[in-house]
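J.: Need the 3D shape of this:
(3 chains)
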Amino acid sequence: MRLSELQPGESALVVRVSGSGPIHRRLLSMGILPGTVIKVVRTSPLGDPVVYEIRGAFISLRRNEAEQVEVEKIVPLHLIPPGSMVKVIMVDGGMGFIQNLHKMGISPGRVIEIMKGCCPMVVRTPLGQFTIGRGMAYRIYVR
Amino acid sequence: MLIALAGNPNTGKSTIFNALTGSHQHVGNWPGVTVEKKEGFTEYKGKRIKIVDLPGTYSLTAYSLEELIARNFILEEKPDVVIDIIDSTNLERNLYLLTELMELTDRIVIALNMFDEAKKKYRIDVEKMKKILGIPVVPTVAIRNEGIDELLKEAVEGKFSIKKPSYPEDVEKRIKTLESMLKKYKVGHERWYAIKLLENDGDVMKKFQRIGAKDIIHQAEHFRHEIEDVYGDDIETVMASFRYSFSHGLFHEIAEPINVGGVTITDMVDHVVAHKIFGIPIFLVVMYLAFNFVFEVATPFQNAIDLLFNGKDLANGGEINGLIDLSYYWMTGFMPSWLSSFINYGLLRGLAAVLSFLPIIMLLFLILSFLEDSGYLARVAFLMDRIMRKIGLEGRGIISLMLGLGCNVPAIMSTRALRNERERKLSIALNPLIPCGARIQVFAFLTSLFFARNQATVLWSLLLISFATVAFLGYIYKKTIFKGEVEPFVMELPPYRLPTLKGISIHMWEKSEGFLKKAGTIIIGAAGIIWLLAALPWGVEYGSESSYIGQIAQFLSPVGHLFGLTPQAIISLFFGFFAKEVVIDSFTVLFENREALMASMTQLQAFSFLLFLLFYTPCVATLATVYRETRSKRFVVFVILEGLTLALLFSFLAYQIGTLLGVGG
Amino acid sequence: MYLEFSVIYIAFLATLSLYYGTLEILNFFFTPKFIFLLSFLTLYPFSLLREFRFRKWAILLILLLTGLSFLFALHPPATSDIMGGFSLILSSSLLFYSLKDTLRELYSGLSFYLVGLFLLLAIGFLQILILLANLLDYYILCIGENCPPFTFIFRGEYLLFFLGLFALYPFLHRWEFRRKNP
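T.: Reported below is the predicted structural model:
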């Protein structure tokens, strides 16, 4: 789906940035690249432009610019209610963080079950049951 | 020694520039373009250092003027050191530019600016950063002048053993091949050119086509297609991804987030200020507060300056002599009275007029700087973008249009904030049609005389007519004369910051100074010319119907008749060319009292006169500013013709239709 | 306790702003007669009183403030200023909106409160500056003349500025909210 189709509050993973020319290049320079997490913050009174949160900064894009970004909808872990089973799509952090989660069985592609809601959360993975702090839950994205 | 300052926009680059150069700076333009260039000097242990502030950019592509200027400066002027100023609260994205800079030069010093705010968000390991990159890294808090000395010290004495980012092996192999092919062309910076050729960089391609390096161009193209096939995306996305993964990795190595998922004050305020319902009303109120502040607080200062220069006639019949009067008496002591009159009542009056504009201009710039530095203007641009696009401008354009209600001079100067050159010109073309405070004062005066009971209605209708015309013309211009490529809007919303008094004062001074020097001289000159036209031929009463101005007016009066303009009205329009407030003054010269003025025109004539006044050429100060901002005499002529045409059109229609309908007789 | 009393005080402040705001707009067209009845809006927190802990003190405070706003309302100032009135009405609506969310302990309540109060203080501060500028202007224009003494016209904004300064207090104490909407 396109970035322009998302509603405020939703997060997504960038799949492709289409188009060419200055707009395309500017999107790339701002960090909108395949593999980036984008969150929709709010829309302006007339629906266009829209403010997004990208790599920790707030950027506003016009609708025709957002249309060039293909995304896949994802949700940060801390919003998932207990009892759900979700697939991990992406982990946002440095090598240390990724490895720690990997040791718990939380890595892209794995399915985990939420035992207790935020926060702190308790999840069950193929490797066992683990407690996840709020800071970590914010940076794990699932579907 | 030459140091260049680079970095993203909104990183406090200009604050650091000011801190380093103090008053030893010069603001001009990069050659041939309207992008501002700031150069300055500083000293370190007796060594004189030249500092150049490069335009703020997010990257170094060939897609925008600012980026080309920045990278060409580094390529051609070869600064000894480039200081990359990074907004530490926004590390990851700021590091992207760093990766591009590292491909261009080895000697980089990093300034981690806004370090105090960043410490609340992350724990940053500065030593680790130095080790990974191999270049000096200095935390700074520019607005508090912290770290600046150390920054300069590292720039001059620091040790550079840069560890450049590297791409995946297959890409590196191809880069190295191109590098060796490039050696025979002796252009230097082989690695950078190799990478840019691979990326199909427009400017670099042009350069190599010019020197006929067909072999390299073909090879680069070949490699490019190979890489695109392997990675499955276009080359720009692929290369940008590599750079970002370097900066992403670097970011996570040196910074550990402390407070994740908290709500910042910026977000809280934005929730209200950029709100679907409340956003625009809040903007209107802020504008109202700003204008009210400027006009009401400027008034006593304007009156003081007026009193000082022009003196006053007292109610009890006496009078106070102003500086101009005193100077006149003094000068007639040693020169013919006509010369003294010319110098004092002509030129010096002009100077007094310039100085009386000054409080309004300074306060307007003060408020504008405050709104800009706090970050609020970005939200305004966000709110108004959709509407503004209909008339061919981006969201920010509303600011300069609204400033026009205060005074067109700072309004036109503020168009520099518009990134797109085409939009800038469109905004400058539309701005003079917005009635400035002076014009509105004249309207208030005339409507109170001729439309006593309906004063408010007539005033509002004039304003609405001008807004509607601006919108309509903007729409037309967008489709015709000012058609062109749309610039990416992609705009960052910086976190709210409380501007420092020092900061906004500096900005205010910079802009006001420009007005004084350029517009000031032209206004004084125009005042002189008008004085000559009004005082000659020798012996006539100043500004009366027998003076040159009066004669011109009489000459034009049959034409003026079609538009409902009496000869006195035409005379006052001439004076209005100099400054709109003078229209009121000229009426007081031409008529003994209000009743005589009211008797000279019918209501219909008054209305069409008002319409003419609404649109016709802006005052000299505005024209001077237009010239200064566009450097094009053609543009100034365009603005004059635009105003005159609209003025003639509207007053003609109003007068003729009114006469036909038999109203306002 | 701070929460409840702050809410009551904000309702009072918002009501007064609304009152002066509508007055400034209506004065432009005619002199409205029964608008002082608006002061009963101070009773708004009453409608949510079940959530209050210090009932007796809260009720007392509300009645006191309603009485005060009634008093202010009986001597209406005569300024007519459409944009000024509009800006006061906007602040008051922001403050009322913040009450709605604050009582549900959402962070957005604090946001609206911040902006609404800041706007109110800015409006009041501006009017005070204008008053000073007019005073300065009066002295400059009257140099060498016998002017009648300076006429001081009371504007609602002056009062609201000082009342608003009191409303800063809870902000300094940093309300603690349960995060429902992070």
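
J.: quick one: low-confidence parts of chain B?
T.: Counting by pLDDT under 70, chain B shows low-confidence ranges at B:259-262, B:315-317, B:482-485, B:538-545, B:589, B:592, B:664-665.

J.: May I see the buried residues of the host helix or strand of B:I227?
T.: Here B:I227 sits within helix B:214-231, counting by DSSP states H and E. Using 16 or more other Cβ atoms under 10 Å in any protein chain shown as the test for burial, helix B:214-231 gives B:I216, B:I217, B:Q219, B:A220, B:F223, B:R224, B:I227, B:Y231. For every residue, glycine as well, the C-beta is placed using N, CA and C.

J.: swap in stretch B:337-344?
T.: B:S340, B:S341, B:F342, B:I343, B:N344.

J.: check contacts around the second one.
T.: This points to B:S341. Contact analysis of B:S341 by Cβ atoms under 8 Å, 6 or more residues apart in numbering or on different chains lists B:Y328, B:W531, B:A535.

J.: Look up the pLDDT of the most far-flung residue of chain C relative to its centre for me, please.
T.: Distance from the C-alpha centroid of chain C, by Cα atoms, centre = their mean, peaks at C:G144 (40.6 Å). Looking at C:G144, its pLDDT is 71.

J.: a strand runs through it, doesn't it?
T.: No. Per DSSP: H, G, I helix; E, B strand; the rest coil, C:G144 lies outside any strand segment and is coil.

J.: Isn't it up against B:D313?
T.: No. C:G144 is beyond contact range of B:D313, at 10.4 Å (criterion: Cβ atoms under 8 Å).

J.: what helix or strand is residue 119 on?
T.: Since you didn't name a chain, this refers to chain A. Here A:C119 is assigned to no helix or strand, by DSSP H and E.

J.: if you could check chain C rather than the one you did, that'd help
T.: Residue-wise, C:L119 maps onto helix C:107-141 under DSSP H and E.

J.: in the helix or strand that comes right after that helix, what counts as buried?
T.: Note on helix C:107-141: by DSSP H and E, the next helix or strand toward the C-terminus is helix C:156-166. Residues C:G156, C:E157, C:L160, C:F161, C:L163, C:G164 are the ones in helix C:156-166 that count as buried (16+ other Cβ under 10 Å).

J.: Stretch B:636-651 now?
T.: B:V636, B:F638, B:V639, B:I640, B:E642, B:G643, B:L646, B:A647, B:L648, B:F650, B:S651.

J.: Sticking with the last one, tell me its helix or strand.
T.: Which is B:S651. B:S651 belongs to helix B:633-661 when assigned by DSSP H and E.

J.: Could you give the backbone dihedrals for A:G83?
T.: phi 100, psi -10 (degrees, to the nearest 10).

J.: Regarding the residue nearest to B:T264 when sequence neighbours are not counted, what is its secondary structure?
T.: In this structure, B:T264 finds its nearest non-sequential neighbour in B:P495, 6.9 Å apart by Cβ to Cβ, 6 or more residues apart in numbering or on different chains. Under the three-state scheme (three-state DSSP), B:P495 adopts coil.

J.: now, which of the contacts of B:S341 sits nearest chain A?
T.: For the contacts of B:S341, the closest approach to chain A (Cβ to the nearest Cβ) belongs to B:W531, at 51.0 Å.

J.: can you confirm that closest one is in a helix?
T.: Yes. Judged by three-state DSSP, B:W531 forms part of a helix.

J.: So what's the residue count around it?
T.: 22 (other Cβ atoms under 10 Å in any protein chain shown).

J.: list the contacts for it?
T.: B:S341, B:F342, B:Y345, B:G346, B:L347, B:R349.

J.: excluding its backbone neighbours, what's nearest the second one?
T.: Spatial nearest neighbour of B:F342, excluding adjacent residues (Cβ to Cβ, 6+ apart): B:W531 at 6.1 Å.
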